[in-house]
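Engineer: based on what follows, work out the 3D shape:
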Amino acid sequence: QVQLVESGGGLVQAGESLRLSCVASGSIFRQNTMGWYRQAPGKQRELVASITSGYSTDYADSVKGRFTISRENAKNTVFLHMSSLKPEDTAVYYCNILGGYSGRYYSTSPWGQGTQVTVSS
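Structural biologist: Numbering: from 1, shown residues only. Predicted structure coming up:
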């Protein structure tokens with residue numbers, strides 16, 4: 001069974017950076033497209049970044065140019081480097097294994113506990 005464990009969140013000030021990590025177990029990680037989602041209070045969970053097995057990346061417009069997704073297959077880990085953080089980036093961040101294709105991705109695995117990111121102004 002797939003298990004996803006996110007870490008690296010915290011409380012930062014606007015303009016600062018954070019790097020999130022997600023370790024995946026129970027799947028052939030290197031073959032998976034991986035994604036980072038976030039869910040702010042009172043809002044739906046949204047996909048903010050994805051990376052394919054071939055290292056192609058895609059980003060939501062709201063984070064493009066500020067967030068970078070990467071992966072380290074040897075460690076079954078996907079990262080999200082977030083810079084120039086804004087208060088509106090405050091959310092719980094989750095990773096997941098993605099099905100579908102660019103523009104039509106969907107989550108395929110049970111959600112982990114997520115990691116809280118809070119950005120103060």
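Engineer: can you pull the contacts of the residue nearest in space to the middle of the chain?
Structural biologist: Centroid-nearest residue in the chain, with Cα atoms, centre = their mean: W36, separated by 2.1 Å. Shown in contact with W36 (Cβ atoms under 8 Å, 6 or more residues apart in numbering): 20, 22, 47-50, 67, 69, 78, 80, 93-95. Where C-beta positions appear, they are placed from N, C-alpha and C, glycine not excepted.
Engineer: just the buried ones from those?
Structural biologist: By neighbour count, with 16 or more other Cβ atoms under 10 Å, these hold 20, 22, 47-50, 67, 69, 78, 80, 93-95 as buried.
Engineer: which pLDDT value goes with Q1?
Structural biologist: Listed pLDDT for Q1 reads 89.
Engineer: does it touch G26 like I think?
Structural biologist: Yes. Here Q1 reaches G26: they are 5.2 Å apart, a contact under Cβ atoms under 8 Å.
Engineer: any chance of the contacts of W36 in a markdown table, with secondary structure and pLDDT too?
Structural biologist: Below are the contacts of W36 laid out as a markdown table (DSSP: H, G, I helix; E, B strand; the rest coil; pLDDT from 0 to 100):
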| residue | secondary structure | pLDDT |
| --- | --- | --- |
| L20 | strand | 98 |
| C22 | strand | 98 |
| L47 | strand | 98 |
| V48 | strand | 98 |
| A49 | strand | 98 |
| S50 | strand | 98 |
| F67 | strand | 98 |
| I69 | strand | 98 |
| V78 | strand | 98 |
| L80 | strand | 98 |
| Y93 | strand | 98 |
| Y94 | strand | 98 |
| C95 | strand | 98 |
